[in-house]
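Trainee: Just the structure for this:
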Amino acid sequence: MRVLFSVLLLTAGVAAQTVRGPYEQCGGSGRPDDRCSAGWQCTTYNPYYAQCVPAATSAPATSAPAVIPTPVPSSSRFIITSSSRVVTTLTTSTTAPSVTSSTSGGSGPGPIVPVPTPTTLQSGWYWIRAVATPNYRSYLQPQPTSTPVPRAAVLANSKTAAQFQLASGQLIQNNFGNSPNLYLNVENPADKTQRRLKTWFDTTPNAYGAFGWQGDTLIWTVSDITRPNSAAWLVCGDNKEVFINTGAFLWDTPAGCFDHTIHSYNGAQADV
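Mentor: Take a look at the predicted model:
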């Protein structure tokens, strides 16, 4: 009887273990260690976060993770499906504009858009941050200058973290009524095999592709580029500029860049 009881307990423990999909959280402080789906392994980045990443192989991943997960409940979240892709004709530009940063000049006269003052998270908005080294708990925001837009998208200090929401495939930054809200834009390259796509914040809505949530992970999809992973981002250079990664996650990472996925966070304050 004692042996049977032990077997039942073991079976119950295995059954309770959840199988997590690609790039979902699979462990961390205060939560059970879950299994990853076939071909994926649970990798611990710090005591608080572990994530399902491709199992070590000699070749890059060749298939994209599912992009229609169960969303985190929120009226402001927008999940991309094949029937809800945003179509826009705002621009046909095939190159990114000059972007204001500490290493590149602005594109000319434009509205001065101040960096938001650090504040408590507003209802319906989210912080967006990296959860792995070397940019653990660095937050998505415009390049923190007072120069005209467009302005480079970067991961930076929590003290200047921006707040965001998704609507109709647009990632919108809250500017707290000080000036027009900003939109995260993505470069539309002439070369569709280009590994990095530049991103920047502007007062003009994004005209190339659409943003969405995969669980709490920010994704970007577009019809004319097949990405191995719609949640793959690159953070590059001393300025920690943010790029769309059109290649495989953790494979042939461009020099000076780090692979990241970036995630929503709804804590009242941006963690240090």
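
Trainee: Show me what the helix or strand hosting Q51 is packed against.
Mentor: According to DSSP states H and E, Q51 maps onto strand 49-54. Using 3 or more Cβ pairs under 8 Å, 6 or more residues apart in numbering; DSSP states H and E as the contact criterion, the elements in contact with strand 49-54 are strand 25-27, strand 40-46. In this view, the C-beta of every residue, glycine as well, is placed from N, C-alpha and C.

Trainee: in the longest one, what's buried?
Mentor: By neighbour count on 16 or more other Cβ atoms under 10 Å, the buried set for strand 40-46 is 40, 42-43, 45.

Trainee: Can I get that strand in CSV? Just the C-alpha atoms.
Mentor: Output of strand 40-46 as CSV, limited to C-alpha atoms (Å, rounded to 0.1, in the frame of the first residue of the first chain):
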residue,chain,number,x,y,z
TRP,A,40,13.1,23.2,-26.7
GLN,A,41,15.0,23.4,-23.4
CYS,A,42,14.3,25.3,-20.3
THR,A,43,17.3,27.7,-19.8
THR,A,44,17.7,29.7,-16.5
TYR,A,45,18.9,33.3,-17.0
ASN,A,46,18.7,34.4,-13.3
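
Trainee: quick revisit: can you redo the helices and strands packed on strand 49-54 as JSON lines with mean pLDDT and distance to Q143?
Mentor: Below are the helices and strands packed on strand 49-54 laid out as JSON lines (pLDDT from 0 to 100; distance: least, Cβ to Cβ, whole Å):
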{"stretch": "strand 25-27", "mean pLDDT": "81", "distance to Q143": "29"}
{"stretch": "strand 40-46", "mean pLDDT": "80", "distance to Q143": "26"}
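
Trainee: Quick one, which of these gets closest to D238.
Mentor: strand 40-46 (21.9 Å; Cβ to Cβ).

Trainee: Alright, calling it a day.
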